[in-house]
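Peer 1: Sharing a model that was predicted from the sequence below.
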Amino acid sequence: MNSLNLDVELEDGVLYKLVLVQQELPIFSDYDYSAQWELIEKTLVMDMKKEKLFSFVHPKNGKKVYMRKYGKCPANGNSELIVGTMVKPLAFARALIVLHSHMYKVPYIVLERYRHISNNPDVMAKMIERAFNWALRDTSVRVVLERWDTKGEYINYHRDFRLSWDVELDKSEGEYLIQMGYEDALEVQKRNEAKKKKPNKKKSDDIRYYIKHPNKDAIIEFIRKALEGMKVPKDIARPIRVLRMHKVFLRSEDYRLPYNAFIKAFPEFEDLIERGAYNDFINPNRTKYNNDEIYMQLEKELENIL
């Protein structure tokens, strides 16, 4: 076995055993590390989901607050936390959390780059300990981080973390593995799932529903009069375009009258104007009515109504 002197940290990593205690008595003995740590696993997931956030506050001054991100999402509790001020690209420390160890069977945490928090790794350990206990404040359980005296045994935590995370990730079937920035993508996923659960509301095809002007009959009559004798799509869409530019229709529809509502109100024009042409002519970014005398006349008539 290669020896490890904890006074000279391996690759800037310091190891701590993660112990759960209740009423000052260990829940699990030193020889029983196979028990499930559902509470800790749950706190990590709730933190990642932003349902019950960890609070990382400097334990000595009580004022300096640190941000956190997930380098690796929780896989049955195995995860990587990035903690720091984030004011500079490299102003962060790293905590590798191994609740289920593939090689050593001991729940532990490794602190790397801790000097970005304090030259004393115990300061960062205390901060993480308090963050866990803040999240567990409604339970009778608390977390204690104890320096791991390896008694000269070389702990290859880098290899163990990779193996353990992959093993637990497979067991959890990648439940929280979000590829495009864990937390932001998780929020997007939650919104998409919520949309799926909401019943799709069928939009009304009643022209009166879309007219926000109090005199709906006058607006409908304005359209009817403007359509008299029209056979060309540009002419048919003209009065709707005028009304849209004056925001007569609902804002939620971008002030436009849907094609279905137009055709239901004026079915005689269904064979004269297709949906695509209708949408193009009522869209000010697609088709222009510059120097159109009929368009200008309609605007004057509409002003008398509005």
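Peer 2: Received the coordinates, thanks. Numbering: from 1, shown residues only.
Peer 1: and whichever strand or helix holds Gly276, what's its mean pLDDT?
Peer 2: Using DSSP states H and E, Gly276 maps to helix 275-281. Helix 275-281 comes out with an average pLDDT of 91.
Peer 1: Output the contacting helices and strands for it.
Peer 2: helix 233-245, helix 259-265 (3 or more C-beta pairs under 8 Å, 6 or more residues apart in numbering; DSSP states H and E). (C-beta placed from N, C-alpha, C; glycine too.)
Peer 1: for these, which one sits closest to Ile294?
Peer 2: Proximity to Ile294 (C-beta to C-beta) singles out helix 233-245 among the helices and strands packed on helix 275-281, at 6.5 Å.
Peer 1: Any buried residues in that closest one, and which?
Peer 2: For helix 233-245, burial by neighbour count (16 or more other C-beta atoms under 10 Å) applies to 233-244.
Peer 1: quick one on the thing from earlier: following element in sequence after the helix holding Gly276, please.
Peer 2: Next along the chain from helix 275-281, counting by DSSP H and E, comes helix 293-305.
Peer 1: which parts of that next one are buried?
Peer 2: Quick answer for helix 293-305 (16+ other C-beta under 10 Å): 295, 298, 302.
Peer 1: Kindly reformat the helices and strands packed on helix 275-281 as TSV containing distance to Ala277 and mean pLDDT.
Peer 2: Formatted as TSV, the helices and strands packed on helix 275-281 follow (distance: least, C-beta to C-beta, whole Å; pLDDT from 0 to 100):
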stretch	distance to Ala277	mean pLDDT
helix 233-245	4	94
helix 259-265	10	94
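Peer 1: Is it possible to get CSV of the ones you listed that adds distance to His213?
Peer 2: Below are the helices and strands packed on helix 275-281 laid out as CSV (distance: least, C-beta to C-beta, whole Å):
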stretch, distance to His213
helix 233-245, 9
helix 259-265, 15
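Peer 1: Out of these, flag the one nearest Asp149.
Peer 2: Of the helices and strands packed on helix 275-281, nearest to Asp149 by C-beta to C-beta is helix 259-265, at 74.7 Å.
Peer 1: for that closest one, packing partners?
Peer 2: Secondary-structure packing of helix 259-265 (3+ C-beta pairs under 8 Å, 6+ apart): helix 207-210, helix 275-281.
Peer 1: hey, where'd the strands end up in the stretch 1-150 of the chain?
Peer 2: Taking DSSP state E, counting those that start in this stretch as the criterion, the stretch 1-150 of the chain carries its strands at 13-22, 25-26, 56-57, 65-75, 78-84, 92-98, 108-112, 141-147.
Peer 1: Reformat these as JSON lines; add mean pLDDT and distance to Pro284.
Peer 2: Formatted as JSON lines, the strands of the stretch 1-150 of the chain follow (pLDDT from 0 to 100; distance: least, C-beta to C-beta, whole Å):
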{"stretch": "strand 13-22", "mean pLDDT": "88", "distance to Pro284": "62"}
{"stretch": "strand 25-26", "mean pLDDT": "48", "distance to Pro284": "72"}
{"stretch": "strand 56-57", "mean pLDDT": "86", "distance to Pro284": "51"}
{"stretch": "strand 65-75", "mean pLDDT": "84", "distance to Pro284": "44"}
{"stretch": "strand 78-84", "mean pLDDT": "88", "distance to Pro284": "47"}
{"stretch": "strand 92-98", "mean pLDDT": "92", "distance to Pro284": "49"}
{"stretch": "strand 108-112", "mean pLDDT": "93", "distance to Pro284": "57"}
{"stretch": "strand 141-147", "mean pLDDT": "89", "distance to Pro284": "61"}
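Peer 1: For Glu274, which of the ones you listed is the nearest?
Peer 2: Using C-beta to C-beta, the nearest of those to Glu274 is strand 65-75, at 48.6 Å.
Peer 1: Would you mind pulling the contact partners of the closest one?
Peer 2: 41, 44-45, 47-48, 54-58, 78-86, 94, 117, 127, 165, 168-169, 171-172, 174, 176-178, 182-183 (C-beta atoms under 8 Å, 6 or more residues apart in numbering).
Peer 1: ok, and for that strand, which residues are buried?
Peer 2: Buried residues in strand 65-75 (16+ other C-beta under 10 Å): 66, 68, 70, 72-75.
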